[in-house]
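In: Make a model of this:
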Amino acid sequence: MHFVVCGLLMTGVVVLLFFGAVRLALAYLA
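Out: Modelled structure (predicted):
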């Protein structure tokens, strides 16, 4: 279970970083 929770947490962090980078890129290009 610990590995499952850790995996989900890491996935959430990666997704947040990805969306943050996309928003930053859009703001920079706009």
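
In: And the helix or strand where Phe18 lies, what does it pack against?
Out: Assigning secondary structure by DSSP states H and E places Phe18 in helix 2-29. Contacting helix 2-29 under the criterion 3 or more Cβ pairs under 8 Å, 6 or more residues apart in numbering; DSSP states H and E is no other helix or strand. Every residue, glycine included, has its C-beta placed from N, CA and C.

In: That helix: how far from the chain's middle?
Out: 0 Å (Cα atoms, centre = their mean, to the nearest Å).

In: For that helix, list every residue counted as buried.
Out: By neighbour count on 16 or more other Cβ atoms under 10 Å, the buried set for helix 2-29 is empty.

In: Give the rounded mean pLDDT of it.
Out: Averaged across helix 2-29, the pLDDT comes to 96.

In: so how far is Phe18 from Leu24?
Out: Using Cβ to Cβ, to the nearest Å, one gets 11 Å for the distance from Leu24 to Phe18.

In: Check Leu29 too.
Out: 16 Å.

In: for Met10, same thing?
Out: 12 Å.

In: Check Val4 too.
Out: In terms of Cβ to Cβ, Val4 sits 21 Å off from Phe18.

In: cool, Ala30 as well?
Out: Ala30 is 19 Å from Phe18, by Cβ to Cβ.

In: sorry, back to before: any shared contact partners between Leu24 and Phe18?
Out: Among the neighbours of Leu24, none is also in contact with Phe18 (Cβ atoms under 8 Å, 6 or more residues apart in numbering).
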